[in-house]
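[1] heads up, no residue letters with this:
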């Protein structure tokens, strides 16, 4: 019993730590905020209300799973103009972007 | 007597100050232009003779992917915003003359051959809307319905054509539509279907005869001879990728701009680090030029000796110059981070290049590749000079 609870606690702690680590900091965070607005914005609009690409506002993404959004960001959508952003983003950063988009992209 | 002189000079002063000109002296508009400041919803009004800023006009809405056309007298800039805003900006008084929000999501627009009509191209709701150029009063709408008639396609690549026509492409539908707006409240529509998969932009040749749409969904371009609509559209440069998988596209290329140099047209290859060269007499490939990244704009110098090219993310800090006679890259410049657009002065002695992330427009002498000046601007994107007023397709 005891080791299992300890393992669970450790697992919980490491999850919490990885969630913390996933939050980009400082200059990188600023660069990602800018990249989504400006470069994603060239298809999805500066205000992310959509353009050639669909809107990325919280209402539009409400029913979408974060993991699915992360996967679309990293791998693109074949058959559409959405390219894979994996060369420029870590998985944790893509996850963070997906989470932030669902909440409303920071200024 | 002295008092009379004072009164007379006051009258003279009053006579100079016309309403709206803020005491500015009379001037022409031939050397004017605007720089779009995409993030702040403003434009800078500039003049190219002394390379100076005359003023800033605010309140133009969401200007991501903004584009501009000019009234035929070169006084008014019609600014099309992403948010459907259509603003008529007076370059002389530095004021918004008229402004409407005409749709939910727009991509650009055009001005008719006679200068009396403005057509806005919309994503949401898909279609074009036609307005009176003086008053911006709505005159008519052409909805871009396709398939079972319940969907509307996104409209891309709108251009003005002779005969007061507007030509544009339907992204999802793979069609090119030609609208004759001679009767602007009852425009006549000709549809050309099956032109190719996912047209993403289009342009018209300088003589106004040929409309070309670039295709995202396949390797090739669609060509329409506007003298012979009954012949439909024809595929050119089909399979230019030679079966190789294209690279991911981080910014859609643009075709509008003066990409025709002599009998050659220079066009971005989608998903490739290449500029395609087309012979506009045979419409066959005349060559291709390996470049630094995926081209976004290929712009010919008015003298047609050079073509300047900028690139998509992540290669967007570089501009390359192609020498037209040899089809070789002869110069590489680094104007700044995130180069979004470039525009030549009408006679080609200056080229203005916008660097979004360095908040500057850099002016070069393209003959000697020497920097001639820098204009500070907030997140600059498109640069549009009034000479566009006099050209078909701009």
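    Alright, I've got the coordinates. Note that the coordinates shown come from a computational prediction; the quantities given were computed from them, not determined experimentally. Residues are numbered from 1 along each chain as shown, chains lettered A, B, ... in the order given.
[2] List, one by one, the residues from the stretch 201-350 of chain B near chain A.
    Along the stretch 201-350 of chain B, the residues adjacent to chain A under the rule Cβ under 8 Å from any Cβ of the partner chain are B:216, B:248-252, B:313-314, B:338. The way it works is simple: take the backbone N, C-alpha and C, and place the C-beta from them, glycine included.
[3] Select from those the one having the most neighbours.
    When neighbours are counted as other Cβ atoms under 10 Å in any protein chain shown, the busiest of those turns out to be residue B:250, with 25 neighbours.
[4] what residues are up against it?
    If you count contacts by Cβ atoms under 8 Å, 6 or more residues apart in numbering or on different chains, residue B:250 has them with A:39, A:83, B:294, B:312-314.
[5] Check residue B:381 too.
    Contacts for residue B:381 (Cβ under 8 Å, 6+ apart) come out as B:36-38, B:63-66, B:340-341, B:354, B:356.
[6] again, but for residue B:111
    B:69-72, B:78, B:117-119, B:133, B:160.
[7] okay if I get those residues as a markdown table plus secondary structure and neighbour count?
    Output for those, formatted as a markdown table (DSSP: H, G, I helix; E, B strand; the rest coil; neighbours: other Cβ atoms under 10 Å in any protein chain shown):
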| residue | secondary structure | neighbour count |
| --- | --- | --- |
| B:69 | strand | 24 |
| B:70 | strand | 26 |
| B:71 | coil | 22 |
| B:72 | coil | 15 |
| B:78 | strand | 23 |
| B:117 | strand | 22 |
| B:118 | strand | 25 |
| B:119 | strand | 30 |
| B:133 | coil | 22 |
| B:160 | strand | 27 |
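[8] which one among the residues you listed gets closest to residue B:346?
    residue B:70 (12.3 Å; Cβ to Cβ).
[9] My guess is that closest one contacts residue B:76. True?
    Yes - counting by Cβ atoms under 8 Å, residue B:70 touches residue B:76, with 6.9 Å between them.
[10] pLDDT weak spots in chain A?
    A:1-22 (pLDDT under 70).
[11] Could you identify the most distant pair in the contacts of residue B:250?
    Greatest spacing in the contacts of residue B:250, by Cβ to Cβ: A:39 and B:294 (13.2 Å).
[12] More neighbours: these two, which one.
    Of the pair residue A:39 and residue B:294, residue B:294 is the one with more neighbours under other Cβ under 10 Å, namely 26 against 20.
[13] quick revisit: could you dump the contacts of residue B:111 to JSON lines with distance to chain A?
    What follows is those, written out as JSON lines (distance: Cβ to the nearest Cβ, whole Å):
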{"residue": "B:69", "distance to chain A": "19"}
{"residue": "B:70", "distance to chain A": "24"}
{"residue": "B:71", "distance to chain A": "27"}
{"residue": "B:72", "distance to chain A": "30"}
{"residue": "B:78", "distance to chain A": "20"}
{"residue": "B:117", "distance to chain A": "25"}
{"residue": "B:118", "distance to chain A": "21"}
{"residue": "B:119", "distance to chain A": "19"}
{"residue": "B:133", "distance to chain A": "25"}
{"residue": "B:160", "distance to chain A": "22"}
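[14] Can you classify residue B:106 as helix, strand or coil?
    What DSSP: H, G, I helix; E, B strand; the rest coil gives for residue B:106 is strand.
[15] How far off centre is stretch B:107-121?
    Chain-centre distance of stretch B:107-121: 12 Å, with Cα atoms, centre = their mean, to the nearest Å.
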